[in-house]
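A.B. asks: Prediction below, plus the sequence it came from.
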Amino acid sequence: MTDTEHDPETPDPIILDFIEDADLVIYDCTYTDEEFPQKVGWGHSTWQEGIRLCRAANAKQLALFHHDPEHDDAAMTIIEQKARATWSGAFAARDEMVLHIE
């Protein structure tokens, strides 16, 4: 799910239907919930919304991708740690990452 901007008031039923019971969701996690209000209209979402959607849709894993270019490696490490602490199925996608889904 790339270039998708969520509505903070309600989960997107189309996305929920699309990702229901998915083994892996790759979701536009450009911003954090804290950054999002200043970015409304830019066409991107947050890692927190990705987790909310995955939990609601019973997805197994979430790859955070489409990272904000303003987030350096240190910021991405913190984001990934927070995401994993929030939901163990979340992780940050990286260049040249290879995933094996069973």
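C.D. replies: Yep, it's here. Numbering: from 1, shown residues only.
A.B. asks: residues near residue 34, how many?
C.D. replies: 9 (other Cβ atoms under 10 Å). Yep, even glycine has a C-beta here, placed from its N, CA and C like the rest.
A.B. asks: swap that for residue 62, please
C.D. replies: Residues near residue 62, counting by other Cβ under 10 Å: 26.
A.B. asks: Wait, it touches residue 55, no?
C.D. replies: No. With contact defined as Cβ atoms under 8 Å, residue 62 does not reach residue 55; the gap is 9.2 Å.
A.B. asks: okay, and the common contacts of these two?
C.D. replies: residue 87 (Cβ atoms under 8 Å, 6 or more residues apart in numbering).
A.B. asks: by contact count, what packs against the lengthiest helix in the chain?
C.D. replies: Using DSSP state H, we find that the single longest helix of the chain is helix 73-86. Counting contacts by 3 or more Cβ pairs under 8 Å, 6 or more residues apart in numbering; DSSP states H and E, helix 73-86 packs against helix 47-57, strand 62-65, strand 90-92.
A.B. asks: Put together a markdown table for these, with mean pLDDT on each row.
C.D. replies: Listed next are these as a markdown table, based on pLDDT from 0 to 100:
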| stretch | mean pLDDT |
| --- | --- |
| helix 47-57 | 98 |
| strand 62-65 | 97 |
| strand 90-92 | 97 |
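A.B. asks: contacting residues around the nearest residue to residue 3 once chain neighbours are set aside?
C.D. replies: Nearest residue to residue 3, sequence neighbours excluded (Cβ to Cβ, 6 or more residues apart in numbering): residue 43, at 5.2 Å. Taking Cβ under 8 Å, 6+ apart, we find residue 43 in contact with 3, 4, 5.
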